[in-house]
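Engineer: got a sequence here, can you model it:
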Amino acid sequence: MTSFQSKDPLHGITLEMMLTRLVQQYGWRELAKLIPIRCFYNEPSVQSSLKFLRRTPWARKNVEELYLKSISR
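Structural biologist: All right, here's what the predicted structure looks like:
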């Protein structure tokens with residue numbers, strides 16, 4: 001039996017893991033400049049941001065793209 005290796009770079013990475021890493025790397029203020037979403041600059045928290053990102057596909061896509069750029073550096 002062969003093991004399957006996913007070619008998806010986000011395989012196994014949760015949205016919470018991505019957001020936490022981005023906040024650690026950039027901080028909320030810089031993150032809000034890079035992705036202008038109100039939940040990043042108006043009383044930001046991981047939980048409120050996750051709630052918004054899970055309901056908003058375009059915002060989640062922006063977070064995923066920034067995360068991929070940040071890990072490729």
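Engineer: how far does stretch 65-73 sit from its chain's centre?
Structural biologist: Taking Cα atoms, centre = their mean, to the nearest Å, one finds stretch 65-73 lying 10 Å from the centre of the chain it belongs to.
Engineer: hmm, I was thinking of stretch 42-58
Structural biologist: Taking mean C-alpha positions (Cα atoms, centre = their mean), stretch 42-58 and its chain are 10 Å apart.
Engineer: and that stretch, what's buried?
Structural biologist: For stretch 42-58, burial by neighbour count (16 or more other Cβ atoms under 10 Å) applies to Pro44, Ser49, Leu50, Leu53. Yep, even glycine has a C-beta here, placed from its N, CA and C like the rest.
Engineer: average model confidence for that stretch?
Structural biologist: For stretch 42-58, mean pLDDT rounds to 95.
Engineer: which residues does it contact?
Structural biologist: The contact list for stretch 42-58 (Cβ atoms under 8 Å, 6 or more residues apart in numbering) reads 15-16, 19-20, 23, 28, 31-32, 37, 39-40, 59-60, 63.
Engineer: now that stretch - C-alpha only, PDB.
Structural biologist: C-alpha atoms of stretch 42-58 as PDB (Å, rounded to 0.1, in the frame of the first residue of the first chain):
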ATOM      1  CA  ASN A  42     -11.400  47.200  14.900                       C
ATOM      2  CA  GLU A  43     -10.800  45.400  18.200                       C
ATOM      3  CA  PRO A  44      -9.100  42.400  16.500                       C
ATOM      4  CA  SER A  45      -9.100  38.900  18.000                       C
ATOM      5  CA  VAL A  46      -8.400  35.500  16.500                       C
ATOM      6  CA  GLN A  47     -11.900  34.200  17.400                       C
ATOM      7  CA  SER A  48     -13.800  37.200  15.800                       C
ATOM      8  CA  SER A  49     -11.600  37.100  12.800                       C
ATOM      9  CA  LEU A  50     -12.100  33.300  12.300                       C
ATOM     10  CA  LYS A  51     -15.800  33.800  12.500                       C
ATOM     11  CA  PHE A  52     -15.700  36.400   9.700                       C
ATOM     12  CA  LEU A  53     -13.200  34.500   7.600                       C
ATOM     13  CA  ARG A  54     -15.200  31.200   7.700                       C
ATOM     14  CA  ARG A  55     -18.200  33.100   6.300                       C
ATOM     15  CA  THR A  56     -16.400  35.200   3.800                       C
ATOM     16  CA  PRO A  57     -14.700  33.200   1.000                       C
ATOM     17  CA  TRP A  58     -12.900  36.200  -0.600                       C
END
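Engineer: great, nothing more from me.
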